[in-house]
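Engineer: Show me how the following folds:
(one chain, ligands or ions: 2)
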Amino acid sequence: MEEKNLESLRHSTAHLLAAAVKNLWPSVKPTIGPAIENGFYYDFDFSDVFGKASSATKGGASFGKTKISEEDLPSIEQKMREILPSWKEFKRVEVSSTEVRKEFHDNPYKIELIEELVQNKEKISIYQSGDFRDLCRGGHTDKPFSDLKNFKLLSIAGAYWRGDEKNPMLTRIYGTVFPTKEELERHLAQLELAKERDHRKIGREMEIFTQSEEVGPGLVLWMPKGNIIKEQLENWAKQTEEEWGYQRVTTPHITKSGLYHISGHLPYYKDDMYPPMKVDDNEEYYLKPMNCPHHHLIYAARPRSYRELPLRLAEFGTCYRYEAAGELFGLLRVRGFAQNDSHIYCTLDQAVDEFVAVMKLHEYYYRSLGITDYYLEMGLRDPKKKAKYHGDEKMWKLAEKLMREAVSKLDIKMIEKTGSAAFYGPKIDFIIRSSVGREFAISTNQIDLYMGDRFKLKYADKDGKEKTPVIIHRAPLGSHERFIGFLIEHFGGDFPVWLAPVQAMVIPISEKFEKYGQEVEGVFKSSGIRVQLDNRDEKMQAKIRDAQLQKIPYMLIIGEREEKGKSVSVRLRDGRDLKEHKLQEVAEKIAEIIGTRGLDIWNE
Ligand SMILES: [Zn+2]
Ligand SMILES: [Zn+2]
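Structural biologist: Ligands and ions are numbered 1, 2, ... in the order given. Predicted coordinates for the structure are as follows:
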């Protein structure tokens, strides 16, 4: 189905949801109900139904309740199904502002929307289906009674009216709908899988990370196992980027405000930054929201010659951004993160080739991790809001042209998004999709023709003249936080062997073999394998089950036969039983698999 039709289908079902809720709780105030990716929602104000505090109000479906919950979803769905047959069409009724104000006089949310329409001199329309009427500008399906059959309500959440925390908190009901039953079922199965693979759940079970109220929202505490994953990724990036010609630097977490006035982050980016701390006679220091300005200063530390370019400075730089509390989500949206960042300083002539190389580095990283589902999103200026952006027309056009030229040399799909450029230039994001279908904006890339001037960066060119370098920004592995969040969901915790926090578990079938177990552990350790010995007083089956739950790739089971033969019986995380193999051979084989940083867990 075309995206546009799917959108009408979703939005139409939001009407149906509102009709059912209004029918069940007549004093509810429906607000807005848009289509969203994969479904729809409708926001309601239930305060007149259940009372502002918690006192249960009179009668009906709300008796004894203080708010609606997910337990109510089946009865709402039931009501939707009852209403649906009477919905022959969405009938458009154009109304005058006086009439419509009268009709919605007891709903301040609709009144607010109406007043805006009046102010913008827009036509006001009501859509009626069955006996339900809603203020709406249109975009519905033609035959609701037959089109809207395959829906499902999914969840309930709180949401502020118009996303502003100064406004009342509303109740948001999410749902989804598809043209066919099969598509709906497929989607629900995927949601189920996504729930199972939720990185917060697996992160807790595998002891990868934690968060604490005492530390603050959006700030991640990496546990020992998570830290192994983080360090493995970092080592990989360091080694890879050294091969690709990068040099590493380290910069501090805090900086005087002056630097951000040069970069333009102040005032443009102020709302996304933590407020400053004042020290040394009221000097303001900010936590850094980006690493760029610091790298620019390293470039500017001494005169540069064209011979040094491209100069590629890289750092896993820690940044802090003051994301809205309501936006924070596990590892995927956080307030503190370490970014696989780099800035490449080059001549204008080198910019396209360098950008192509950056894209190829992304492909190399993603291919190595088995990530094949990705595309590019080009963020362009909103032409109606030019005041939001720095730099002149010529610069924006040229930056865009260079990036398009680079992308055209590669075989990656690109879509465009107006209004999502950085304040100093267009950008290209890599969007990757995990095996559960969730999309992650991982890496932002730019050919930046603005900051070089701003920081007065120079190099002496062949002809002896001083010129300003082009700056390329890139972060293929994103931040550790978001990337590991992605990897957890993508692999469902079954990390490639080289990333697995514990790679092998030695499981003696009884305590008699503990000594041999220690010997096995020693051999694996000296082969550089992260191994543990499970010498708990538990049954072998329980130990195997626990190791499987911890998603440990190799279980090495040992008993009398293995001890005599200096061997181990190998079981794999995926359930394969490889039987007995020589201890030394197994250690060598696993060490080799780890060394390749591949995806295979065993090869014959
Ligand atoms: Zn509508
Ligand atoms: Zn940057």
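
Engineer: and the biggest helix by length in the chain, which residues are buried?
Structural biologist: Longest helix in the chain, counting residues (DSSP state H): helix 3-24. Using 16 or more other C-beta atoms under 10 Å as the test for burial, helix 3-24 gives 6-24. C-beta coordinates here come from the backbone N, C-alpha and C atoms, glycine included.

Engineer: cool, stretch 201-210 as well?
Structural biologist: So for stretch 201-210, counting by 16+ other C-beta under 10 Å, buried means 202, 203, 206, 208, 209.

Engineer: Relative to ligand 2, which of those is nearest.
Structural biologist: Comparing the buried residues of stretch 201-210 against ligand 2 with C-beta to the ion places residue 209 closest, at 25.4 Å.

Engineer: how about the closest one, what does it touch?
Structural biologist: 203, 220, 221, 222, 223, 226, 331, 484 (C-beta atoms under 8 Å, 6 or more residues apart in numbering).

Engineer: and if you look at residue 82?
Structural biologist: Applying C-beta under 8 Å, 6+ apart, we find residue 82 in contact with residue 20.

Engineer: at 10 Å what do you get?
Structural biologist: Applying C-beta atoms under 10 Å, 6 or more residues apart in numbering to residue 82 gives the contacts 20, 23.

Engineer: Secondary structure element holding it?
Structural biologist: Using DSSP states H and E, residue 82 sits in helix 73-83.

Engineer: what number of residues lie near the closest residue to residue 85 other than its chain neighbours?
Structural biologist: Leaving aside its sequence neighbours, residue 85 sits nearest to residue 145 (C-beta to C-beta, 6 or more residues apart in numbering; 5.6 Å). Using other C-beta atoms under 10 Å, residue 145 has 16 other residues around it.

Engineer: now swap in residue 277 and tell me
Structural biologist: Around residue 277 there are 11 residues (other C-beta under 10 Å).

Engineer: Which strand residues bridge it?
Structural biologist: residue 285 (DSSP bridges).

Engineer: same question, residue 30
Structural biologist: Per DSSP bridges, the residues bridged to residue 30 are residue 44.

Engineer: tell me, how many neighbours does it end up with?
Structural biologist: A count of nearby residues for residue 30, using other C-beta under 10 Å, gives 24.

Engineer: and the closest residue to residue 132 other than its chain neighbours, what does it touch?
Structural biologist: Closest residue in space to residue 132, ignoring its immediate chain neighbours: residue 19 at 3.7 Å, by C-beta to C-beta, 6+ apart. If you count contacts by C-beta under 10 Å, 6+ apart, residue 19 has them with 30, 42, 79-80, 83-84, 86-87, 129-134.

Engineer: most neighbours, which of the residues you listed?
Structural biologist: Neighbour-wise, the contacts of residue 19 (other C-beta under 10 Å) top out at residue 42, 26 neighbours.

Engineer: Would you verify that that one is located in a strand?
Structural biologist: Yes: under DSSP: H, G, I helix; E, B strand; the rest coil, residue 42 falls within a strand.

Engineer: pLDDT value on the closest residue in space to it that isn't next to it in sequence, please?
Structural biologist: Among residues not flanking residue 42 along the chain, residue 33 sits closest, at 3.6 Å (C-beta to C-beta, 6+ apart). The model reports residue 33 with a pLDDT of 96.

Engineer: ok, now how distant is the residue in the stretch 1-150 of the chain positioned nearest to ligand 2 from residue 438?
Structural biologist: Residue of the stretch 1-150 of the chain nearest ligand 2, by C-beta to the ion: residue 37 (28.1 Å). Separation of residue 37 from residue 438 (C-beta to C-beta, to the nearest Å) stands at 10 Å.

Engineer: helices or strands up against the worst-scoring helix or strand of the chain on mean pLDDT?
Structural biologist: Sorting the helices and strands of the chain by mean pLDDT, DSSP states H and E puts helix 265-268 at the bottom, at a mean of 86. When contacts are defined as 3 or more C-beta pairs under 10 Å, 6 or more residues apart in numbering; DSSP states H and E, helix 265-268 packs onto helix 257-263, strand 283-287.

Engineer: How about the residues of the stretch 251-400 of the chain by ligand 2?
Structural biologist: The stretch 251-400 of the chain has residues residue 292 near ligand 2, with proximity defined as C-beta under 5 Å from the ion.

Engineer: 8 Å instead, please
Structural biologist: When proximity is defined as C-beta under 8 Å from the ion, the stretch 251-400 of the chain approaches ligand 2 at 290, 291, 292, 295, 341, 343.

Engineer: Off-centre distance for the least confident helix or strand of the chain?
Structural biologist: 25 Å (C-alpha atoms, centre = their mean, to the nearest Å).
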